[in-house]
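J.: test case, fold it:
(4 chains)
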Protein chains: 2
Amino acid sequence: MHGVMEAHAPAGSSSRDADGTTEPGTEQRIFDAALHVFSNKGQDGARMQEIADHAKINRALLHYYFRSKAQLYEAVFAHGFEQFVSGLTPSLREERGFEETLGTFVRGYIDYLHGHQEMARLMLNECLCGGPVLTSYLERAKENPEGFPALVMEDRIRAAVAAGEVRPIDSEQTMLTIVSACIFPFVALPTVRIFHPEVEDDFDAFVEERKRHVVDLLLRGLRPDDTGAAP
Amino acid sequence: MHGVMEAHAPAGSSSRDADGTTEPGTEQRIFDAALHVFSNKGQDGARMQEIADHAKINRALLHYYFRSKAQLYEAVFAHGFEQFVSGLTPSLREERGFEETLGTFVRGYIDYLHGHQEMARLMLNECLCGGPVLTSYLERAKENPEGFPALVMEDRIRAAVAAGEVRPIDSEQTMLTIVSACIFPFVALPTVRIFHPEVEDDFDAFVEERKRHVVDLLLRGLRPDDTGAAP
DNA sequence: ATATCGTTTAACTGTTTTGTTAAACTAAAC
DNA sequence: GTTTAGTTTAACAAAACAGTTAAACGATAT
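T.: Numbering: from 1, shown residues only, chains lettered A, B, ... in the order given. I've put the predicted structure just below:
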């Protein structure tokens, strides 16, 4: 950072309106605007002017907060990545039976993605580009795997296999399938929209249905042969 | 196209070497180079110079073949899209039992993606950007849905549900899950690589394992309760 | 042999975009 | 009231890049 001490606008990055409604401060607006533009256009397709417009400021002020586009991108990504990891961790806090653990994880994952579609697209974009930025963050996340939701869940699957709670499947492959089933629908939206326009009419309902479907299909697919259906 | 008649280089877009090895002609090299660069950098991040370098020609000749970057992108996309649809259709030609149909489709899908990862990334990239180009192609594909693999497969699922061959699940959601499970692993590669480096050592083995896993999990997840396991 | 056309070289135009800078304005803080 | 720092305006420099053009070269087909 560089010396932005906020005398004019209050320090907490958000100013309290007369109505009591808290509206975001400049820095937060920049983050939001940058995420919006970056996620749709990518790092190269994004224009500083467009980001400034969305944040309702001008380019000069944008550069006053962030020296360069690359730096802004990094900041936005870091912000989102942190939020992503910390947003999913709590869903794995409580230890119960595997079926409940998996259900909670999938529902939490899809809910999170639903509320942060732009961040999801940004990270996907990084994946497609070979992800130099994403990679460096993942390398750091690898240091303490217990803080990384997908790895924790993968361990839970491994444990469930060992305990005979689920069929003897490859936990790595299974984890990949779970993540796929959660993330991909949000990416594929432009495609799905064309063939199933009704999805967009009630997107929330679609997401709810998605949660039910994924959990149901996975549990059925993983359940051992000898297990009865009724609880 | 514009008047490229190929007098110097043979017409068939590929020249036969003295050794008998057929090496691609200029236009084909441009396609390959453009696909490679576009898929990694996106339409905006791609540089005409880089594409020319990869095709081992210069920018002037590149513009001689394709007037503009946008036109080149369109051409590459069209080429890949056509190939994508026609490459998957045959796997749905023969009608047999549902389980075999699904297995063949999934294996064919994953095999195709394995052999065309760059095209897969290109199409994903389109999805992320709201996909104006992809959208227009899908709109056209909607005209004759029987030629579009994913829609055909979705119908097969619907029919299998009606026939009681599989559980009464939502065929649209199921199709989404299938596509997710096939495509996503290739996108997630940069991520998977970090946590599971062994994948890259023998990628072919990973893909084979992936096919088995997906087919197995799906069939188990879709099978009706009253069906025995042995054939 | 000559016209043809793919190909190269090299220079140039023009636009877009980033990033910088200086000056003036504004509202809060002291 | 003066200071402070966020904010605007406007103009600018510099780089990157797309796209064009003209001249020359080389292999091929006729």
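
J.: which residues does the nearest residue to A:Gly45 once chain neighbours are set aside contact?
T.: Excluding the flanking residues, the one nearest A:Gly45 by Cβ to Cβ, 6 or more residues apart in numbering or on different chains is B:Asp44, at 3.7 Å. The C-beta positions use only the backbone N, C-alpha and C, and glycine is treated the same way. By Cβ atoms under 8 Å, 6 or more residues apart in numbering or on different chains, the contact list for B:Asp44 reads A:Lys41, A:Gly42, A:Asp44, A:Gly45.

J.: got the confidence number for B:Asp44?
T.: We have a pLDDT of 95 for B:Asp44.

J.: just the buried positions in the helix or strand that contains it, please.
T.: Assigned by DSSP states H and E, B:Asp44 belongs to helix B:26-45. Buried residues in helix B:26-45, counted by 16 or more other Cβ atoms under 10 Å in any protein chain shown: B:26-27, B:29-45.

J.: try stretch A:186-204
T.: By neighbour count with 16+ other Cβ under 10 Å, stretch A:186-204 contains the buried residues A:Phe186, A:Val187, A:Ala188, A:Leu189, A:Pro190, A:Thr191, A:Val192, A:Arg193, A:Ile194, A:Phe195, A:Val199.

J.: helix or strand right after the worst-scoring helix or strand of chain A on mean pLDDT?
T.: Lowest by mean pLDDT, DSSP states H and E among the helices and strands of chain A is strand A:14-16, with a mean of 60. As assigned by DSSP H and E, the chain's next helix or strand after strand A:14-16 is strand A:22-24.

J.: got a list of what the closest residue to A:Lys56 other than its chain neighbours touches?
T.: Leaving aside its chain neighbours, A:Lys56 sits nearest to A:Arg29 (6.7 Å; criterion: Cβ to Cβ, 6+ apart). A:Arg29 makes contacts with A:Ala55, A:Lys56, A:Ile57, as judged by Cβ under 8 Å, 6+ apart.

J.: filter the residues you listed down to the ones close to DNA strand C.
T.: Contacts with DNA strand C within the contacts of A:Arg29, counted by Cβ under 7 Å from any atom of the strand: none were found.

J.: how many residues are close by A:Asp170?
T.: By the measure other Cβ atoms under 10 Å in any protein chain shown, the count of residues near A:Asp170 is 18.

J.: so A:Thr26 is in contact with A:Leu62, correct?
T.: No: judged on Cβ atoms under 8 Å, A:Thr26 makes no contact with A:Leu62 at a distance of 9.6 Å.

J.: give me the common contacts of these two.
T.: A:Ala55.

J.: re earlier: ok, the helix holding B:Asp44 near DNA strand C or not?
T.: Yes: Helix B:26-45 reaches DNA strand C (Cβ under 7 Å from any atom of the strand) through B:Thr26.

J.: helix or strand next in line after that helix, which one?
T.: helix B:48-54.

J.: mind listing what's buried in that next one?
T.: By neighbour count on 16+ other Cβ under 10 Å, the buried set for helix B:48-54 is B:Met48, B:Glu50, B:Ile51, B:Ala52, B:His54.

J.: which residues touch A:Leu88?
T.: For A:Leu88, the contact set (Cβ under 8 Å, 6+ apart) comprises A:Gly108, A:Tyr109, A:Tyr112, A:Pro149.

J.: got a pLDDT number for the second one?
T.: Looking at A:Tyr109, its pLDDT stands at 95.

J.: what is the neighbour count of it?
T.: Neighbour number of A:Tyr109 under other Cβ under 10 Å is 23.

J.: in CSV, could you pull the C-alpha coordinates for whichever strand or helix holds it?
T.: Assigned by DSSP H and E, A:Tyr109 belongs to helix A:98-115. Taking C-alpha atoms only, helix A:98-115 is exported to CSV below (Å, rounded to 0.1, in the frame of the first residue of the first chain):
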residue,chain,number,x,y,z
PHE,A,98,-19.9,-39.0,6.4
GLU,A,99,-23.2,-38.6,4.6
GLU,A,100,-24.0,-35.5,6.6
THR,A,101,-20.5,-34.2,6.2
LEU,A,102,-20.6,-34.5,2.4
GLY,A,103,-24.1,-33.0,2.3
THR,A,104,-23.1,-30.0,4.3
PHE,A,105,-19.9,-29.5,2.3
VAL,A,106,-21.7,-29.7,-1.1
ARG,A,107,-24.5,-27.4,0.0
GLY,A,108,-22.0,-25.0,1.5
TYR,A,109,-19.9,-25.1,-1.6
ILE,A,110,-22.8,-24.4,-4.0
ASP,A,111,-24.2,-21.7,-1.7
TYR,A,112,-20.9,-20.0,-1.6
LEU,A,113,-20.4,-20.1,-5.4
HIS,A,114,-24.0,-18.9,-5.8
GLY,A,115,-23.1,-15.8,-3.8
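
J.: buried residues in it, which are they?
T.: A:98-99, A:101-114.

J.: quick one: the helices in chain A?
T.: Secondary structure of chain A (DSSP state H): helices at A:26-45, A:48-55, A:59-65, A:69-88, A:98-115, A:117-128, A:132-143, A:149-162, A:171-187, A:189-195, A:198-201, A:203-222.

J.: any chance of those in TSV, with distance to B:Gly80 too?
T.: TSV is the format used below for the helices of chain A (distance: least, Cβ to Cβ, whole Å):
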stretch	distance to B:Gly80
helix A:26-45	19
helix A:48-55	29
helix A:59-65	37
helix A:69-88	28
helix A:98-115	28
helix A:117-128	15
helix A:132-143	25
helix A:149-162	30
helix A:171-187	18
helix A:189-195	15
helix A:198-201	26
helix A:203-222	28
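
J.: mind checking which of the ones you listed is nearest B:Tyr73?
T.: Closest of these to B:Tyr73 is helix A:26-45, at 12.5 Å (criterion: Cβ to Cβ).
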